[in-house]
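Undergrad: Give me the fold of what follows.
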Amino acid sequence: MTTQTKKQIKETFEYKAEMKQLLQLIAHSLYTHPEVFIRELVSNSSDALNKIRFKKLTDKNVYQPDKELRIDINIDEEKQTFSISDTGIGMTKENLINQLGTVAKSGTSEFLEQLKKGKQKADGSLIGQFGVGFYSVYMVTDKISVKTRNFEEGSNGYKWTSKGDEKFEIVEAKKEDRGTQIYFKLKDEYKEFATESRVRAILKKYSNFIEYPIYLNGEEINTVDAIWQKSKSEINQEEANEFYKFISNDYQDPSDYIHLDLEGVVSFKALVFFPQKAPMNMFADDFRTTLHLYTNKVFIQDNADWLLPDYLRFCKGVIDTSDLPLNVSREVTQHSPVMAKIKSIITGKILSEFESWAKNDVEKFNAFYKEFGTMLKTGLNSDFSNRDRITKLLRFQTSNRDELISFDQYLELADTEVKKIYYLSAENIESAKRNPNMEYFKKNDIEVIFLTDPIDSFVIPQLYQYEEYQLVSIDKEELDTEESKENEENKETDKLVVAIKEILGDKVADVKESKRLVDSPCTIVAGKDGMDAQTERMMKMMDKNFEGAKKVFEVNLNHNILKNLNTYFDKNGVDDKFKSIVEQLYGSALLIEGELKNPTDYVASVYDLLEAHTN
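TA: Numbers count the residues shown, from 1 in each chain. From the prediction side, this is the model:
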């Protein structure tokens with residue numbers, strides 16, 4: 001809708017459905033930490049100043065090139081007004097529509113749905129997680145006005161206004177200076193944010209992380225001193241925590257951080273933080289590493305995700321190097337040998353920190369692994385230069401121990417002559433413990449690693465071995481055991497196995513005498529070169545048309561059912577009753593493995609069997 005007057009044309013735009021829901025959420029639910037809006041506005045202004053500083057290095061067509069880079073906050077306690085302005089890059093009309101009219105990140109629909117169902121807590125810690133930091137202002141006001149002018153010579157000024165309901169308006173407006181101003185009147189219950197003492201205290205928490213002067217009602221309140229330029233001894237924990245929150249939009253303190261100050265082949269300083277909790281959108285395609293790149297304190301790029309391998313994407317921080325020219329493009333920066341070297345060093349330092357936790361603070365490492373272990377495992381198939389180090393950081397639950405253990409801890413109790421590490425893929429620990437294929441290992445007190453993380457099925461089998469120990473799935477055929485060696489010459493029951501195979505036909509890849517069962521009469525296992533059951537389940541979840549390979553049906557010839565069946569077979573051969581029992585055994589094995597496709601037919605056969613034995 002367009003409203004025209006003599007002086008201006010006012011255009012009205014409607015928010016998208018997702019945005020409307022999000023605005024309602026912010027206005028009515030995210031009230032736990034309302035002061036976070038100041039941090040978000042200061043952060044946005046700082047980003048705008050970073051961008052214009054970089055733009056001036058590469059573009060001569062900049063309006064007011066000599067304008068001081070600064071942030072001004074003006075408040076009026078009596079009128080309950082709040083205003084923040086910067087001399088940054090400014091916005092065009094298109095920027096206002098695209099950046100202030102839509103949600104920046106994907107996954108918002110799912111996020112909102114989880115909030116409705118109560119699966120996520122609606123509090124201030126969610127601010128910024130979905131690119132809505134600017135809209136945190138709606139916690140404290142009913143209407144926001146934005147006046148902005150883009151950096152280009154001859155650009156027009158625009159005013160954006162919205163009450164955070166159904167729509168927003170944009171009108172061309174006179175603005176002499178480059179940059180953006182955001183202003184609004186505070187709700188009565190939040191008038192404290194119009195008092196100088198309150199705002200000053202909040203700004204003191206974050207202002208020393210800003211490289212530009214911040215003025216509150218005309219008075220400069222910060223000293224521009226990049227925290228990452230300080231020595232480690234000069235940074236206290238509280239200062240580090242607040243800086244982390246500032247760059248990450250996280251409301252919790254970090255789990256820990258590393259401070260780097262290196263000179264040599266490459267020279268750089270860095271602060272890299274590790275969050276306590278994994279962001280719920282960590283595996284989303286558009287999730288970006290919050291790693292800011294500077295050269296000699298001059299901002300180059302935010303979200304420099306190419307400075308870390310993808311499996312460390314959860315790390316946050318700042319890297320500042322003096323070995324990078326200011327006047328190169330971001331594409332050249334990304335592929336420069338200097339950046340490759342820095343990436344290698346930082347990755348190594350981060351892994352060293354994890355190794356230190358694993359050795360010296362098991363509780364801390366396990367808490368980290370619970371949150372980020374799945375992401376860490378993805379590095380096994382992508383970072384081959386650090387594959388051995390990542391492998392040593394892996395942790396598992398096992399059949400014999402409740403606590404998480406490493407491969408090295410497994411080997412402490414393993415048979416040094418067998419040279420095998422046994423594992424079983426399962427949906428959860430309970431189903432793993434109940435799996436019939438565990439029976440031999442329980443009987444002989446052989447520890448088995450349980451792989452219950454969905455990604456395990458895709459990465460652990462690809463390791464093949466650890467040190468000189470072969471990784472062996474107990475869910476596959478041709479499992480070497482002491483019993484199998486003793487029973488190799490047992491020929492009396494060969495005819496029974498052949499008969500069972502003829503009945504099952506092409507339903508199975510083969511029928512064999514089991515070397516792993518103790519208490520159960522039968523089981524199904526993957527072929528020697530096939531996928532185990534859990535991997536196949538994962539493949540079917542990703543591709544509904546996926547057809548798994550035929551399984552091997554194993555029978556426990558020492559079980560009473562099979563002994564009785566063998567006696568019946570010797571006397572009666574293959575008759576209808578024999579066939580029914582074989583089908584019932586096979587169906588039972590499929591049921592236990594979660595592979596039974598026709599439960600109705602299976603139950604019908606059970607009823608037939610019961611009827612025959614109750615006559």
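
Undergrad: Next, count neighbours for Q470.
TA: 13 (other Cβ atoms under 10 Å). Every C-beta, even on glycine, is put in place using the N, C-alpha and C of the backbone.

Undergrad: Which secondary structure state does it sit in?
TA: strand (DSSP: H, G, I helix; E, B strand; the rest coil).

Undergrad: can I assume it is in contact with P461?
TA: No: counting by Cβ atoms under 8 Å, Q470 does not reach P461; the two are 11.4 Å apart.

Undergrad: Next, count neighbours for K359.
TA: 9.

Undergrad: Confirm it sits in a helix?
TA: Yes: according to three-state DSSP, K359 belongs to a helix.

Undergrad: since we're on the nearest residue to L23 once chain neighbours are set aside, how many residues are nearby?
TA: Distance criterion Cβ to Cβ, 6 or more residues apart in numbering; nearest residue to L23, sequence neighbours excluded, is G164 at 4.6 Å. Using other Cβ under 10 Å, G164 is surrounded by 21 other residues.

Undergrad: For G164, give me the pLDDT.
TA: Looking at G164, its pLDDT is 84.

Undergrad: Where does the prediction get shaky in the stretch 401-550 of the chain?
TA: 477-493, 533, 540-541 (pLDDT under 70).

Undergrad: one more time with 50
TA: Judged by pLDDT under 50, the stretch 401-550 of the chain has its weakly predicted residues at 485, 489.

Undergrad: That one: helices as residue ranges?
TA: 407-412, 429-434, 439-443, 456-459, 482-486, 494-504, 533-542 (DSSP state H, counting those that start in this stretch).

Undergrad: so which of those gets nearest V171?
TA: helix 533-542 (49.2 Å; Cβ to Cβ).

Undergrad: Can you mark which positions in the closest one are buried?
TA: For helix 533-542, the buried set under the neighbour-count rule, 16 or more other Cβ atoms under 10 Å, comprises A533, Q534, T535, E536, R537, M538.

Undergrad: Mind telling me the two of the residues you listed farthest from one another?
TA: Counting by Cβ to Cβ, the most remote pair of those is A533 and M538, 10.0 Å apart.

Undergrad: shouldn't Y251 be in contact with R39?
TA: No: between Y251 and R39 there is no contact under Cβ under 8 Å: 9.8 Å.

Undergrad: okay, the angle between the helix or strand where S580 lies and helix 494-504?
TA: Per DSSP states H and E: S580 is located in helix 576-593. If you take axes from the mean of the first three to the mean of the last three Cα atoms, to 10 degrees, helix 576-593 sits at 80 degrees to helix 494-504.

Undergrad: next one: helix 576-593 to chain centre, how far?
TA: Centre-to-centre, helix 576-593 and its host chain are 42 Å apart (Cα atoms, centre = their mean, to the nearest Å).

Undergrad: quick check, nearest of the buried residues of helix 533-542 to T391?
TA: Looking across the buried residues of helix 533-542 and measuring by Cβ to Cβ, the closest to T391 is T535, at 19.1 Å.

Undergrad: OK, contacts around the closest one?
TA: S425, S457, F458, P461 (Cβ atoms under 8 Å, 6 or more residues apart in numbering).

Undergrad: Relative to L451, how far out is the second one?
TA: Separation of S457 from L451 (Cβ to Cβ, to the nearest Å) stands at 7 Å.

Undergrad: low-scoring stretches of this protein, by residue?
TA: 5-6, 104-107, 122-131, 485, 489.

Undergrad: domains of it?
TA: Structural domains annotated on the chain: 2-225, 229-363, 493-527+545-613, as defined by automatic domain parsing.

Undergrad: K419: which of these is closest?
TA: domain 493-527+545-613 (18.1 Å).

Undergrad: how near is L351 to C315?
TA: Distance from L351 to C315, by Cβ to Cβ: 11 Å.

Undergrad: An error on my part: the question was meant for A549.
TA: Distance from A549 to C315, by Cβ to Cβ: 39 Å.

Undergrad: Have a look at these two and say which one is more surrounded.
TA: Neighbours per residue, other Cβ under 10 Å: of A549 and C315, the larger number sits with C315, 22 against 12.

Undergrad: pretty sure that one is touching T289, no?
TA: Yes: with contact defined as Cβ under 8 Å, C315 and T289 form a contacting pair (6.5 Å).

Undergrad: list residues touching both of these two?
TA: Common neighbours of C315 and T289 (Cβ under 8 Å, 6+ apart) are L308.

Undergrad: Look up phi and psi at the residue nearest to F82 when sequence neighbours are not counted.
TA: Spatial nearest neighbour of F82, chain neighbours left out: I75 (5.4 Å); criterion: Cβ to Cβ, 6+ apart. Per-residue torsions, I75: phi -130, psi 150 (degrees, to the nearest 10).

Undergrad: Could you tell me which residues make contact with I75?
TA: Contacts of I75 by Cβ under 8 Å, 6+ apart are T81, F82, S83, F193, A194, T195, E196, V199, L216, N217.

Undergrad: how much space between it and T195?
TA: For I75, the distance to T195 - Cβ to Cβ - is 7 Å.

Undergrad: Give me the buried stretch members for the helix holding S580, please.
TA: 578, 581-590, 592-593.

Undergrad: possible to save those as a markdown table with distance to F407?
TA: Converted to a markdown table, the buried residues of helix 576-593 look like this (distance: Cβ to Cβ, whole Å):
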| residue | distance to F407 |
| --- | --- |
| F578 | 46 |
| I581 | 43 |
| V582 | 41 |
| E583 | 42 |
| Q584 | 41 |
| L585 | 37 |
| Y586 | 36 |
| G587 | 37 |
| S588 | 35 |
| A589 | 31 |
| L590 | 33 |
| I592 | 29 |
| E593 | 27 |
